[in-house]
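Undergrad: Below are the sequence and a predicted model; questions follow.
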Amino acid sequence: MDSYPLAPELLPHVGQERPLHVLVGWDQSGEEAVEFAAWLARTTACSIRVVSTAPRPWSSLRGKKSKQYKKWFKKTESKRIDAIRSALKEHVPHKAWDDEWAVFRDGAPRHELISEEAQRFHADLILLGSKSKAKKGRFLATSTADAMMHYSPISVGLAPRAVKLSKKGITRVNYAFLDEREEASARGMRVAATVAMLLDVDLRIMAFSPKQTYSYEAELKAHAPLIDEWNESSLALLDRARDCVSDTAAALGIPEPKNFEVETCVSAGDGWKPVVNSQKWKKGDILFLDSQPTEPARVLTNARTEDFLTHAPVPVVIFP
């Protein structure tokens, strides 16, 4: 695993006994994150654990040993675990259930409870769902997802609401770079290429023009030189995509599969919606995004990425 170019915890554990450890943040308003985990389990060996959280009641002020607190904890834990069991039975094959497949943690804030459980579980990936008011097939960050997108020490997966997923699991890996940082874009391409090769699926690398982030004509005109520079660097990066894939395969010692295809495309437009919708998306697509390098070893998104996520029609993984 040391030869992997980046974030080996994101990748299938080829040649290792341990499956991918997937921690699901339970959301009572929807089961999309559980379905995302089940979809991954159809693709590669996974061990799935679901964590449910709740703020502590006032009775806890008397101490965790108080009868009132114990009664509340037992009742809430039982109710949550029953709901999780039902969801796992419906979506996830039993072989992918972790030995401790459901846990209940109380306290606040929720994102810290999930992160602590991720450490206990040695999780490779945290999965979260969307707000229930999001449109079908689209993602709106909950307060917990928003916090994890600025805090998580490990990769975060985000599931659009009511997204339709392929019964075959992942059939194509997508990577999109959204800014001009060449180093990060090349880094992201290597990760996406590695995952695609290990899973023996297609790879699509996309560049999205920043034109859509400027709403007013004056602002757009002021940034025109930057936009032109971005478009040029995007085309140059995509031109090098195949070389990047070949170099990654050589570094991993993995031959490029005969059916392995790299598709590259640049999308530009006057808004995120038409830009994203201009691309054809499949039920077997997963989309990778790179994090901002402001704080090493942390997932850290910016406003551009967060705007883009509201239009992403497929499951997304953001890595540190």
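TA: It's in.

Undergrad: contacts and neighbour counts: CA atoms only from here.
TA: Noted.

Undergrad: Name the helix or strand for residue 246, please.
TA: helix 241-252 (DSSP states H and E).

Undergrad: Show the contacting residues for residue 53.
TA: Residue 53 makes contacts with 26, 104-107, 110, 113-114, as judged by Cα atoms under 8 Å, 6 or more residues apart in numbering.

Undergrad: repeat for residue 54
TA: Contacts of residue 54 by Cα under 8 Å, 6+ apart are 105-108, 110.

Undergrad: Inside strands: which ones of these?
TA: Mapping the contacts of residue 54 onto strands (DSSP state E) picks out 105-106.

Undergrad: Any quick PyMOL command for the buried ones out of the contacts of residue 54?
TA: Only the buried entries of these go into this PyMOL selection, using 16 or more other Cα atoms under 10 Å:
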select buried, resi 105+106+110
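
Undergrad: I figured residue 203 hits residue 173, correct?
TA: Yes - using Cα atoms under 8 Å, residue 203 is in contact with residue 173, at 4.9 Å.

Undergrad: okay, and the common contacts of the two?
TA: 192-193, 196.

Undergrad: neighbour-wise, which of these leads?
TA: residue 193 (29 neighbours; other Cα atoms under 10 Å).

Undergrad: quick one, strands of the stretch 1-150 of the chain?
TA: Ranges of strands in the stretch 1-150 of the chain, per DSSP state E, counting those that start in this stretch, are 20-25, 46-54, 97-106, 125-128.

Undergrad: could I get those strands as TSV with distance to residue 144 and mean pLDDT?
TA: What follows is the strands of the stretch 1-150 of the chain, written out as TSV (distance: least, Cα to Cα, whole Å; pLDDT from 0 to 100):
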stretch	distance to residue 144	mean pLDDT
strand 20-25	9	95
strand 46-54	11	96
strand 97-106	15	97
strand 125-128	8	96
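
Undergrad: nearest to residue 85, of those?
TA: Counting by Cα to Cα, residue 85 lies closest to strand 97-106 out of the strands of the stretch 1-150 of the chain; the figure is 7.8 Å.

Undergrad: what angle do that closest one and strand 20-25 make?
TA: Between strand 97-106 and strand 20-25, the angle comes out at 30 degrees (axes from the mean of the first three to the mean of the last three Cα atoms, to 10 degrees).

Undergrad: For residue 92, list the residues it contacts.
TA: 34-35, 37-38, 41.

Undergrad: Filter these down to just the ones in helices.
TA: 34-35, 37-38, 41 (DSSP state H).

Undergrad: of all those, which comes closest to residue 152?
TA: For these, the nearest to residue 152 is residue 37 (18.1 Å; Cα to Cα).

Undergrad: Can you read off the pLDDT for that closest one?
TA: Looking at residue 37, its pLDDT reads 97.

Undergrad: Can you give me the buried ones in stretch 162-175?
TA: 162-165, 169-175.

Undergrad: And stretch 103-121, by the same measure?
TA: Quick answer for stretch 103-121 (16+ other Cα under 10 Å): 103-106, 110-115, 117-118, 121.

Undergrad: same check, this time on stretch 70-84
TA: Going by 16+ other Cα under 10 Å, stretch 70-84 has these buried residues: 73, 76-77, 80-81, 84.

Undergrad: In the stretch 1-150 of the chain, where is pLDDT below threshold?
TA: Residues of the stretch 1-150 of the chain that meet the criterion pLDDT under 70 lie in 1-17, 59-62.

Undergrad: just the stretch 151-300 of the chain next, same as before
TA: 179-186, 209-239, 255-270, 292-300.

Undergrad: show me where it has strands.
TA: Counting by DSSP E, counting those that start in this stretch, the strands of the stretch 151-300 of the chain are 155-158, 172-177, 202-208, 262-267, 285-290.

Undergrad: now for the first one, which elements pack on it?
TA: When you say that, I think you mean strand 155-158. When contacts are defined as 3 or more Cα pairs under 8 Å, 6 or more residues apart in numbering; DSSP states H and E, strand 155-158 packs onto strand 125-128, strand 316-319.

Undergrad: Dump those to a markdown table, plus mean neighbour count.
TA: Formatted as a markdown table, the helices and strands packed on strand 155-158 follow (neighbours: other Cα atoms under 10 Å):
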| stretch | mean neighbour count |
| --- | --- |
| strand 125-128 | 25 |
| strand 316-319 | 24 |
